[in-house]
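K.L.:
take a look and give me a structure for this.
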Amino acid sequence: MTFDRGVRADARRRVLGSAHLRGWANTSIFVAGLAAFALPGSTAGAGTLREIADTFAGSAVARGQTEGIGVAIIKGDGQTRFFTYGNAIAGSAPTPFSPDSLVMIASVTKVFTTNLLGQAVAAGTLKLNKPLSQYQAQLGTLGPLTSKITLKQLGSFTAGIPDMAPLCSSSEPPVPGCVPRQWASFNQYPAKDFVAFFQNMEPENFFFNPPEPVTELPTSSFYSNYSVGLLGLLLGAQPGVPLTNDAVSGWFKQVRQQILQPLGMRNTFLTVPADRQTAASYTKAFAQAKVASGALTKISVISGGAGYSVPPAVTVVGGGGTGAAATATIARGVVKGITVTAAGQGYVAPPVITFAQSAGATPPLVEAIVSEGKIVGVSILEGGSGYQQPPAVTIKGGRAAGAGRNARLEVRIVNGAVSFVDVLDPGAGYVDPLTVSVAPQQAGREPVSILSPSALLTSNLRDISKFARAALNSSSNQDLLSQGFKIAQRPYACMAVANPDLAACPPTNSRSALAWVVHARDASRNVPPIISKDGALSRYSSFVTLMPKRNLAVVVFVNTGPGGEFTSTPAVRIGTNIMYALYYGCRQDGTCPAVSSSLGEE
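P.N.:
This is a model prediction of the structure:
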């Protein structure tokens, strides 16, 4: 994720083109499966924060891509603004998504753990280069190279540790420390089994496929739940005794005392109280339809979802036509295909956005967002790669023959990827988007486990926005919590290369901090670095992204998981689009789009 700082004088006017979405509030407001849009009367000013959030978050709910979304937009020196869409719990008695809806934040938990490490380093009680050999009382005897792994390498994912231990059913005989299931409970997978895995492993370089053994550390950065899980347990463990399940409660005690209480985060839990309800998590497939001569000819599954026990219902709405119908087929819980059973009539194919070919470039995957007959935004689903210059872009279709006029678009790139598409002219005559909505499958929750320091905190949007604000403002404060953020957000390793050495890191590569990712600035476009952390677990998706140079932060919660072929989760895609819109809409002096006085705030 990168951002272009080359903002022209008219950028605020063109954040989302000349038109914006309105009308989503803190409930699900579907009309035949689509949200009701209403455009602002004026087209001269920049989009408000609500219009930006509506465009990229509200449209995802309206188009059946997710059940519920919560967004927080944070100015480091201003108020936090909340925008929520859809339902925290769907069904016959729906519960609207709100800033107070409790959601599993998944791997965003990791940056709580690495803040604790940063605080300990700032206080002088730990050193980043402390090796595992000094934890022999807790871990027992480790292999020669494993014993040399440092706390910094655990936090920066450069210790050569796999993401998870293998499932016990995947090898015969099972490897020591294998898991019966991912995120197994304490009863299924106690601390002694977790430790056994490290006692019998040797670090590898996971940049290669298959992974290659290594003889020295650090090795290539490779995302690992086990790596930060071990770090959190060592922080919470009793000194001088073997590691037990109690290390999890010891870790959370530190989280509560050193992070939650200082920030006033009263709704972040390891174990959710019995009288508190959490948002349900959902799996949801995502599909797109093709149209010829007014009839549906094909429906392609873009993301198959997960966890389906029976084929889900498929509904076709929008597109200006009637009579279409389709059915889904599943395999191993994933939607594998959708068959058109009735082609219908009068349908208009969705707009198609095409990028000019460029040698060595991989084109992006994008979607036009339509409201009231106009293109009001372009959602970047995958940014592509390899562009040296912004490619020419065209948009075709989406309008009845002879109706209206085409929209005009302009592409922005950062570090070779399409980062944002400006709407120069929203056009006219576009039909309501043709949407194929696949019914969701409710998923379960993961239990408290030995890996809780890696991924299993539950929180709400209000609390995580406080955490994000503290992370954003850390450079201007000298308290221990801020020092913990500074140390945790410092780059330690180059990502996506075999050699993690920062000195040899290509300028466009992201850097691994302590669980945070520091996205490379684009020097040719004066793009500032971005710091982010995402998570996905039990069909929840979470994202925290910071732009310190502009004093901006965005938090996104989605109660629908990743699934399918996308390389990023729903929260990452939505949050990235919102941050880009904010970046292009905020002036260099820090003035951002206007905010309606009726919006919720912290």
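K.L.:
all helices of the stretch 451-600 of the chain, in order?
P.N.:
For the stretch 451-600 of the chain, applying DSSP state H, counting those that start in this stretch gives helices covering 452-455, 461-472, 480-488, 570-585.
K.L.:
who are the packing partners of the first one?
P.N.:
In this structure, helix 452-455 makes packing contacts with helix 110-123, helix 225-236, helix 246-255, judged by 3 or more CB pairs under 8 Å, 6 or more residues apart in numbering; DSSP states H and E. Just so you know, the C-beta spots here come from the backbone N, C-alpha and C atoms, and that holds for glycine as well.
K.L.:
switch the cut-off to 10 Å
P.N.:
helix 110-123, helix 225-236, helix 246-255, strand 530-537 (3 or more CB pairs under 10 Å, 6 or more residues apart in numbering; DSSP states H and E).
K.L.:
and the ones you listed: which comes nearest Ile395?
P.N.:
strand 530-537 (27.8 Å; CB to CB).
K.L.:
what angle separates that closest one from helix 570-585?
P.N.:
Relative orientation of strand 530-537 versus helix 570-585 (axes from the mean of the first three to the mean of the last three CA atoms, to 10 degrees): 160 degrees.
K.L.:
ok, Gly373 touching Pro433?
P.N.:
No: assessed by CB atoms under 10 Å, Gly373 is found out of contact with Pro433, at 11.3 Å.
K.L.:
what residues are shared contacts of the two?
P.N.:
Gly398 (CB atoms under 10 Å, 6 or more residues apart in numbering).
K.L.:
and of the helices and strands packed on helix 452-455, who's closest to Ile353?
P.N.:
It's strand 530-537; of those, that one is closest to Ile353 (CB to CB) at 24.4 Å.
K.L.:
partner strands of the closest one and their direction?
P.N.:
Note on strand 530-537: by DSSP bridges, its sheet partners are strand 517-519 (antiparallel), strand 540-547 (antiparallel).
K.L.:
tell me which of these sits most buried.
P.N.:
strand 540-547 (a mean of 28; mean count of other CB atoms under 10 Å).
K.L.:
centre of the chain to that one, how far?
P.N.:
5 Å (CA atoms, centre = their mean, to the nearest Å).
K.L.:
and that strand, what's its mean pLDDT?
P.N.:
Confidence for strand 540-547, expressed as mean pLDDT, is 95.
K.L.:
isn't Lys336 right next to Thr329, touching?
P.N.:
Yes: contact criterion CB under 10 Å: Lys336 and Thr329 qualify, at 5.6 Å.
K.L.:
which residues are in contact with each of those two?
P.N.:
With CB under 10 Å, 6+ apart, Lys336 and Thr329 have common neighbours 301, 308, 311.
K.L.:
now the last one: how far from Asp54?
P.N.:
Separation of Pro311 from Asp54 (CB to CB, to the nearest Å): 32 Å.
K.L.:
just checking, Phe222 touches Thr158?
P.N.:
Yes: the criterion here is CB under 10 Å, and Phe222 meets it with Thr158 at 7.9 Å.
K.L.:
Gln134 belongs to a helix, doesn't it?
P.N.:
Yes: secondary structure assignment places Gln134 in a helix (DSSP: H, G, I helix; E, B strand; the rest coil).
K.L.:
would you agree it is in contact with Ser147?
P.N.:
Yes: with contact defined as CB under 10 Å, Gln134 reaches Ser147; the gap is 9.0 Å.
K.L.:
can you point me to the longest strand in this structure?
P.N.:
If you go by DSSP state E, the chain has its longest strand at strand 334-345.
K.L.:
quick check: buried residues in that one?
P.N.:
If you call a residue buried by 16 or more other CB atoms under 10 Å, then strand 334-345 has these buried ones: 334-335, 337-338, 340, 343-344.
K.L.:
same check on stretch 346-354?
P.N.:
Using 16+ other CB under 10 Å as the test for burial, stretch 346-354 gives 347-351, 353.
K.L.:
same question for stretch 285-293.
P.N.:
Buried-residue list, stretch 285-293, by 16+ other CB under 10 Å: 285-287, 289-291.
K.L.:
could you do stretch 500-508 as well?
P.N.:
Result for stretch 500-508 [16+ other CB under 10 Å]: buried residues 500, 505, 508.
K.L.:
stretch 235-253 now?
P.N.:
Residues 235-237, 243-245, 247-248, 250-252 are the ones in stretch 235-253 that count as buried (16+ other CB under 10 Å).
K.L.:
stretch 131-150 now?
P.N.:
Those would be 131-132, 135, 138-139, 142, 145-150, for stretch 131-150 by 16+ other CB under 10 Å.
K.L.:
any idea how far that stretch is from the chain center?
P.N.:
33 Å.
K.L.:
please save the CA atoms from it in CSV.
P.N.:
C-alpha atoms of stretch 131-150 as CSV (Å, rounded to 0.1, in the frame of the first residue of the first chain):
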residue,chain,number,x,y,z
PRO,A,131,18.4,-14.7,22.5
LEU,A,132,16.1,-17.6,23.3
SER,A,133,19.1,-19.3,24.9
GLN,A,134,18.5,-17.0,27.9
TYR,A,135,15.0,-18.5,28.3
GLN,A,136,16.1,-22.1,28.9
ALA,A,137,14.1,-22.3,32.1
GLN,A,138,10.9,-21.5,30.2
LEU,A,139,11.7,-23.3,26.9
GLY,A,140,14.1,-26.1,27.8
THR,A,141,16.8,-27.2,25.4
LEU,A,142,16.5,-25.8,21.9
GLY,A,143,18.4,-26.6,18.7
PRO,A,144,21.7,-24.8,18.1
LEU,A,145,20.4,-22.1,15.7
THR,A,146,16.9,-21.9,17.4
SER,A,147,18.6,-20.9,20.6
LYS,A,148,20.2,-17.9,18.8
ILE,A,149,16.9,-16.4,17.8
THR,A,150,16.4,-13.0,19.3
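K.L.:
ok, the residue lying closest to Ala515 once chain neighbours are set aside - how many residues close by?
P.N.:
Nearest residue to Ala515 in three dimensions, chain neighbours excluded: Lys110, at 3.8 Å (CB to CB, 6 or more residues apart in numbering). By other CB atoms under 10 Å, 30 other residues sit near Lys110.
K.L.:
so Lys110 sits against Leu537, correct?
P.N.:
No: taking contacts as CB under 10 Å, Lys110 lies outside contact range of Leu537: 11.4 Å.
K.L.:
check contacts around Val352.
P.N.:
Contacts of Val352 (CB under 10 Å, 6+ apart): 290, 366, 368, 394-398.
K.L.:
do the same with Pro213
P.N.:
145, 160, 202-205, 219.
K.L.:
list buried residues within those residues.
P.N.:
Neighbour-count burial (16+ other CB under 10 Å) applied to those gives 145, 160, 203-205, 219.
K.L.:
can you add pLDDT and secondary structure and give the buried residues of stretch 131-150 back as JSON lines?
P.N.:
What follows is the buried residues of stretch 131-150, written out as JSON lines (pLDDT from 0 to 100; DSSP: H, G, I helix; E, B strand; the rest coil):
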{"residue": "Pro131", "pLDDT": "98", "secondary structure": "strand"}
{"residue": "Leu132", "pLDDT": "98", "secondary structure": "helix"}
{"residue": "Tyr135", "pLDDT": "98", "secondary structure": "helix"}
{"residue": "Gln138", "pLDDT": "98", "secondary structure": "helix"}
{"residue": "Leu139", "pLDDT": "98", "secondary structure": "helix"}
{"residue": "Leu142", "pLDDT": "98", "secondary structure": "coil"}
{"residue": "Leu145", "pLDDT": "98", "secondary structure": "coil"}
{"residue": "Thr146", "pLDDT": "98", "secondary structure": "helix"}
{"residue": "Ser147", "pLDDT": "98", "secondary structure": "helix"}
{"residue": "Lys148", "pLDDT": "98", "secondary structure": "helix"}
{"residue": "Ile149", "pLDDT": "98", "secondary structure": "coil"}
{"residue": "Thr150", "pLDDT": "98", "secondary structure": "strand"}
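K.L.:
right, I'll call it a day here.
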